[in-house]
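Asks: need a structure here:
(one chain, ligands or ions: 1)
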Amino acid sequence: MEFKLTYATMFNPPEELHIRFDSALAIVKAGLGKEYGMIINNKDVFADEKFDDHSPINKDWTLAVMQKGNEKHARQAMEAARKAFPGWSHTPWQERVRLLRKTAALIEERLFELSAAMSLEVGKNRMESLGDAQETADLLKYSCDQMEANQGYIFEMGRDPLVGFESRNVSVLRPYGVWLVISPFNFPFALTGGPTSAALVSGNTVVIKPATDTAWIVRLLAECFRDAGLPEGVLNYVSGPGSTLGKALVSCAVDGVTFTGSFDVGVKIYRDFSTCNWMHPILLELGGKNAVIVSQHADLDRAALGIVRSAFGLQGQKCSAASRVLVEAAVFDDLRARLKDITEKLVIGDPTERSVYLGPVINNSSYNDYQNFCMEIYSGGGTFLTGGQVLTEGAFAKGYFCQPTFVTDLPFSHRLWKHEMFLPITTIGKVKNLDEAMKEANNVNYGLTAGFFGSEEESGWFFDHIESGVAYANRPQGATTGAWPGFQPFGGWKASGSSGKNSGGRYYLPLYMHEQIQTRVR
Ligand code: NAP
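Replies: All right, here's what the predicted structure looks like:
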C-alpha cells in the first residue's frame, strides 16, 4: 500500500485498509476467550490467580483470560532481566538493531490483527487502533535509526595536549541495567513499545507491566519481541494490579524506569526511588490539561474541526486531548455554533465499525467519573453545549458509552478548569484578548500539548509564550493531538513530564544510557 498511516493522515484511508481490518477483526473475534501467560525468560508463566479481560464495548465479551501476577512474579521477571543483562549489553549494537527491526517488521505483518484486538480491548476506533500499532513499529524503527545515526553513541573526543604522551579520549554511552516500563491503558502499544525499544536498543534488559485494562494487547506486543528472537530474559512481560505487582516492581532492584500514567502514581514512584542507595533515572510521562487558543483571526472551520478531533478522539482519553478551549470574544459565538454542529454529527457506537468515531470509555470507574463530573459542572454553573449524558439504550446497554460533551459558562475559578478529567468533556471559555488566553492556558500545573488557531504572526507569539512540550498552530488534523515519531516528538513540561526530552525525537535515546569517558594514555 502506498498510503502512509499517521494520526494526521488517518482521516481519509484507502479502501484496502478497511477491507483488511474487517477480515482481521473476524479472525480475532473467532478466537476470543483464550488464556495467556506472562512471559519470563521467553517462557509462558501462569499465576494461581487469573482475571477475565472484558471489553468496554460490551461487558459480556470476555476477550482473554490473563494472569494476576504477584510479588513472586515481579521478582522472577527482574531476576531474569538481571541475568540477561551482561550478554545483551555486550551484544554489538548492530545486532540489537537487527532484532528490533525484525520486531518492527513483525508488528507490521500483524498490524490488522493487533489493531482489531486493541479496538476491542481499549474501545478505540479502528483508525486510532491502526495508528497506535503503526506508531509502535515506527517508534522501534526510530530508535534503531538513532542508534545508527549516532554509530552506537561512541564518540572520539579531543586529545589532551600532553608532551611526550599520547592521550586518546572516547565518550561511550552505556546502558544502565534492568529497565522497568509501566504503561497506561490509552496507548498500550506505543507507550509500551516506544520506551521498551529505546531501552533495549541501548543495551538494557526490560520488564514491562501494562495497565490491567490492556493486559491482553500488551501480551500480543511482547509476543512480537519474543518471536523476533530476543534472547531469554532480555524482555519480560508481567500482568497484574499496579497496587501490588506494580508496587513490587518499583524497587531498587531495577536500574531505571519509564512510567507513563497519572501524575499521582508517577510522583509516588518518583518518591519511592529516592530511598535507593544511588539515583536511578526515572522518566515520567504524566497527565495533561491541554489548551487551545482561538484568535479572532482564526479560520474557524479549521479550528472547529481540529478542536473536535482532539477533544473527542479516543473519547477524550488522550493525555494530549484538547480539554480547554479559550476563544477571543469576537468569534466566540461563531466557533461555538461550529463545534456544536460537528460534534452532533459524530457517530458513537462499537468502535470496530467503520463509521464509528467514538467508542466507550475504558471502564466502570471512568464511566462513573463522567457522570459525577457532569453533575459537578451543572451545579458549578456550566452549560452543556453538547452531551452531558451517558448512553444506556439498545446497543449501548452493556458498554461504557458517554456523549461527547462541550461545556460553556463554567467560571474560570472552577476546579475542573485545572483538573485532568480524561474523558470526553471539554470546557470552552470566552476571553477578552490573546494575553488573557495565554495567562489562562499556562495557569495549570501541566504542560503537555497546546494548540493555536490564528494568523501566522500570532502563531510565533504563541510558540514563544506557551508552556508545553508539544505545540501546534492551525492544525485541523488535531488541535492538540496526533504526534508521530520523527515528526512531532512527544513529551511534556512541568507536571506532565520529568525528562524535558520528547519520545520519538533525537534526544530521547541517550536518556537510557549513562556516559563513560575512556582515556587511554600511551
Ligand atoms: P494510571 O492509573 O496512573 O496507571 C498507569 C500504570 O501504572 C498502569 O499500568 C497501572 O496499573 C500502574 N500503577 C498503578 N498504581 C501503581 C503503583 N502504585 N505502582 C506501580 N504501578 C502502578 O494511569 P492510566 O489511567 O492507565 O492512564 C491515564 C493517565 O496517563 C492520564 O493521566 C494520562 O494523561 C496519562 N498519560 C500520559 C501520557 C504522556 O505521554 N505524558 C501518555 C498517556 C497517558 P493498573 O492498571 O494495574 O492499575
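Asks: Thought residue 133 was touching residue 107, still the case?
Replies: Yes. Contact criterion CB atoms under 8 Å: residue 107 and residue 133 qualify, at 6.3 Å. (C-beta placed from N, C-alpha, C; glycine too.)
Asks: The two: which is more packed in?
Replies: Shown here are residue 107 and residue 133; by other CB atoms under 10 Å, residue 133 has more neighbours (28 against 25).
Asks: Stretch 69-82 close to the ligand?
Replies: No. Applying CB under 6 Å from any ligand atom, one finds stretch 69-82 separated from the ligand by no less than 10.1 Å.
Asks: For residue 159, see how far away the closest residue in space to residue 522 that isn't next to it in sequence is.
Replies: Nearest non-adjacent residue to residue 522, counting by CB to CB, 6 or more residues apart in numbering: residue 166, 4.8 Å away. Between residue 166 and residue 159 the distance is 7 Å, computed by CB to CB, to the nearest Å.
Asks: And residue 462, by the same measure?
Replies: 47 Å.
Asks: ok, those two, which is more surrounded?
Replies: residue 462 (24 against 12).
Asks: So what does the more buried one have for phi and psi?
Replies: phi -60, psi -50 (degrees, to the nearest 10).
Asks: pretty sure it contacts residue 473?
Replies: Yes. Between residue 462 and residue 473 there is a contact at 6.2 Å, judged by CB under 8 Å.
Asks: which residues do those two both contact?
Replies: Common neighbours of residue 462 and residue 473 (criterion: CB atoms under 8 Å, 6 or more residues apart in numbering): 452, 454.
Asks: Show the residue spans covered by the helices in the protein.
Replies: 15-30, 71-89, 93-109, 111-122, 126-149, 190-201, 215-227, 247-249, 263-273, 300-312, 329-344, 364-379, 434-442, 456-465 (DSSP state H).
Asks: Point out the residues in the stretch 51-200 of the chain that sit beside the ligand.
Replies: Applying CB under 6 Å from any ligand atom, we find that the stretch 51-200 of the chain lies next to the ligand at 182-187, 191.
Asks: repeat that for 5 Å
Replies: 182, 184-185 (CB under 5 Å from any ligand atom).
Asks: and if you look at the chain?
Replies: Counting by CB under 5 Å from any ligand atom, the residues of the chain near the ligand are 182, 184-185, 211-212, 241-242, 246-247, 260-262, 265, 285, 287, 319.
Asks: Select, from the residues you listed, the two members most distant in space.
Replies: Taking CB to CB, the two most distant members of the residues of the chain next to the ligand are 247 and 319; they sit 22.4 Å apart.
Asks: Hmm, residue 520 and residue 168 touching each other?
Replies: Yes. Counting by CB under 8 Å, residue 168 does reach residue 520; the two are 4.9 Å apart.
Asks: Quick check on the two: which one has the bigger neighbour count.
Replies: residue 168 (14 against 9).
Asks: Report the separation between that one and the ligand.
Replies: 41 Å (CB to the nearest ligand atom, to the nearest Å).
Asks: Quick one: residues contacting that residue.
Replies: Here residue 168 is in contact with 156, 159, 519-522 (CB under 8 Å, 6+ apart).
Asks: Quickly name whichever of those is closest to the ligand.
Replies: The ligand has its nearest neighbour among the contacts of residue 168 in residue 156, at 35.2 Å by CB to the nearest ligand atom.
Asks: Give the full set of residues in contact with the closest one.
Replies: If you count contacts by CB under 8 Å, 6+ apart, then residue 156 has 168-170 around it.
Asks: Can I get the residues you listed in CSV including pLDDT?
Replies: CSV is the format used below for these (pLDDT from 0 to 100):
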residue, pLDDT
168, 96
169, 98
170, 98
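Asks: So how do I select the buried members of the residues of the chain next to the ligand in PyMOL?
Replies: In PyMOL, this line selects whichever of these come out buried by 16 or more other CB atoms under 10 Å:
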select buried, resi 182+184+185+211+212+242+246+247+260+261+265+285+287+319
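Asks: List the ones among the residues of the chain next to the ligand that fall in strands.
Replies: Of the residues of the chain next to the ligand, the ones assigned to strands by DSSP state E are 182, 260, 285.
Asks: can you tell me the residue of the stretch 301-450 of the chain closest to the ligand?
Replies: residue 319 (3.2 Å).
Asks: Distance check, the closest residue in space to residue 428 that isn't next to it in sequence against residue 298.
Replies: Excluding the flanking residues, the one nearest residue 428 by CB to CB, 6+ apart is residue 325, at 4.4 Å. Applying CB to CB, the value for residue 325 to residue 298 is 11 Å.
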